[in-house]
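1. No sequence on hand, only this structure:
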């Protein structure tokens with residue numbers, strides 16, 4: 001393939017795709033997902049009217065990244081008039097919803113019992129409520145800073161889990177509709193089985209409609225995309241391959257990979273080795289030891305970066321983000337670092 005036909009090594013394609021509504025950022029723990037999410041949000045805020053960052057990772061980091069308190073409601077980010085962030089936990093939301101149910105609310109109790117009867121459905125139902133809430137907030141685009149890979153894949157499978165659960169409920173309704181209505185009426189103290197059944201099933205149908213809408217949006221590449229984040233190490237590259245394959249199974253678009261913590265993206269190990277061979281003898285012993293370890297790490301990174309381009313370079317936008325000598329925290333540092341997502345280091349310089 002000609003170099004001119006290769007995907008641009010930046011996330012500019014996401015910024016330019018104005019139809020996108022949902023952008024998920026995920027990968028192995030500790031690879032820089034939050035920093036990438038924040039930087040992406042900062043860049044999107046340049047061209048979109050209202051941008052929302054949502055952390056679904058129970059170990060939230062958005063507050064630390066922006067150096068300000070961020071809660072469960074959309075919080076304006078200092079220095080922006082169109083960027084907000086919120087930190088939520090699906091499992092906690094589910095528990096709060098169950099605890100808030102009135103003991104006299106028979107339909108609510110039955111609904112909660114249904115949730116608890118199917119493994120994983122309680123968190124899935126909470127996620128559907130989250131999506132409903134986010135949709136009502138009227139943001140142009142939402143960037144999800146997700147938890148490590150396993151949790152993220154479970155989150156993305158929620159629409160499928162709920163669809164299967166509701167299909168089972170509807171099958172039971174068709175087979176035992178009369179009994180369900182009578183049991184519901186009995187529990188509610190009423191004497192109208194049909195009305196009682198319709199009230200319960202109506203609530204289920206409302207949730208099912210939300211999930212169907214979310215599922216369709218997730219599988220529409222014009223509305224949803226997933227950014228895979230990794231570092232140039234074996235376990236991280238392996239996890240990224242697993243993530244890409246699973247996303248494909250769910251029908252979710254993924255054509256962007258961010259490789260963080262890269263030592264000198266503009267140089268390769270051979271260039272650095274040539275410099276070291278020419279100048280190493282004049283360095284103090286401690287400096288030579290430091291350079292030797294640095295070169296070993298650089299060779300390892302180059303190997304895995306090469307594998308990454310071999311796997312994805314023809315079809316994915318692969319972005320190399322440099323390892324810095326300072327933490328990327330605070331709005332100004334995030335703004336500066338975010339520029340490298342859309343205008344990356346020139347590897348040919």
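-> Arrived safely, thanks for sending. The structure displayed is predicted, hence computed values, not measured ones.

2. so where is this protein shaky, pLDDT-wise?
-> 1-4, 89-129, 151, 155, 158-201, 203-204, 207, 345-349 (pLDDT under 70).

3. can you give me the strands in it?
-> Taking DSSP state E to define them, one finds strands in the chain at 22-27, 51-55, 75-76, 83-87, 141-145, 224-230, 256-262, 317-322.

4. Based on its surroundings, how many neighbours for the closest residue to residue 259 other than its chain neighbours?
-> In this structure, residue 259 finds its nearest non-sequential neighbour in residue 320, 5.1 Å apart by CB to CB, 6 or more residues apart in numbering. From N, CA and C alone the C-beta is placed, and that goes for glycine too. By other CB atoms under 10 Å, the residues close to residue 320 number 24.

5. what does residue 280 give?
-> The burial count for residue 280: 14, using other CB under 10 Å.

6. what's the spacing between the closest residue to it other than its chain neighbours and residue 274?
-> Closest residue to residue 280 apart from its sequence neighbours, by CB to CB, 6+ apart: residue 288 at 5.7 Å. Relative to residue 274, residue 288 is positioned 16 Å away (CB to CB, to the nearest Å).

7. re earlier: right, so of the strands of the chain, which gets closest to residue 40?
-> The closest of these to residue 40 is strand 141-145. By CB to CB, the value is 5.6 Å.

8. Helices of this protein, start to end?
-> For the chain, applying DSSP state H gives helices covering 12-16, 33-44, 62-66, 90-99, 106-117, 121-136, 149-188, 193-218, 234-250, 269-279, 285-312, 331-342.

9. what's the spacing between the first one and its chain's center?
-> Using CA atoms, centre = their mean, to the nearest Å, we find the averaged C-alpha position of helix 12-16 to lie 17 Å away from the chain's own average C-alpha position.

10. Same question for the last one.
-> Taking CA atoms, centre = their mean, one finds the center of helix 331-342 at 19 Å from the center of the full chain.

11. which parts of that helix are buried?
-> When burial is assessed from 16 or more other CB atoms under 10 Å, helix 331-342 yields the following buried residues: 331, 333, 334, 335, 337, 338, 340, 341, 342.

12. can I assume the last one is in contact with residue 11?
-> Read that as residue 342. Yes: using CB atoms under 8 Å, residue 342 is in contact with residue 11, at 6.1 Å.
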